[in-house]
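K.L.:
generate a structure from the sequence data that follows.
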Amino acid sequence: MARPTIAVRDAINQLLKRNEYTSGAEVSELYLSKDILVATLKRPKIIEGTCWDVEPIAQTVDLFDLMRMHEEET
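P.N.:
Numbers count the residues shown, from 1 in each chain. Below you'll find the predicted structure:
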């Protein structure tokens, strides 16, 4: 048998698809207790762009450097 929270999450996701206002949203976090049910929603978005690898030596990349590089390309 599936865990109750998974079954409730799936049921809420199905209901969200039926409503025009919540269409496209899905359950992000779910709190289920004896007396209360709280579900936070997320709306995933696809951001168009190109994915590229950074140099293997660099473990982190500064966000401002990425923004500057993007501005120089356009």
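K.L.:
can we go C-alpha only for contacts and neighbour counts from here?
P.N.:
Fine.
K.L.:
just the helices from the protein, written as ranges.
P.N.:
Secondary structure of the chain (DSSP state H): helices at 4-18, 63-73.
K.L.:
what pLDDT is listed against Asp62?
P.N.:
pLDDT for Asp62: 81.
K.L.:
that one: what's it in contact with?
P.N.:
Applying CA atoms under 8 Å, 6 or more residues apart in numbering to Asp62 gives no contacts.
K.L.:
from Met69, how far out is it?
P.N.:
11 Å (CA to CA, to the nearest Å).
K.L.:
same question for Tyr31.
P.N.:
Distance from Tyr31 to Met69, by CA to CA: 42 Å.
K.L.:
follow-up on the earlier one: ok, which of the helices of the chain comes nearest Arg43?
P.N.:
Between Arg43 and these, the tightest spacing by CA to CA is seen for helix 4-18, at 11.1 Å.
K.L.:
pLDDT of that closest one, averaged?
P.N.:
On average, helix 4-18 scores 91.
K.L.:
for it, buried residues please.
P.N.:
8-9, 13, 16 (16 or more other CA atoms under 10 Å).
K.L.:
which pLDDT value belongs to the residue nearest to the spatial centre of the chain?
P.N.:
Against the mean C-alpha coordinate of the chain, by CA atoms, centre = their mean, the closest residue is Pro44 at 4.7 Å. Looking at Pro44, its pLDDT stands at 87.
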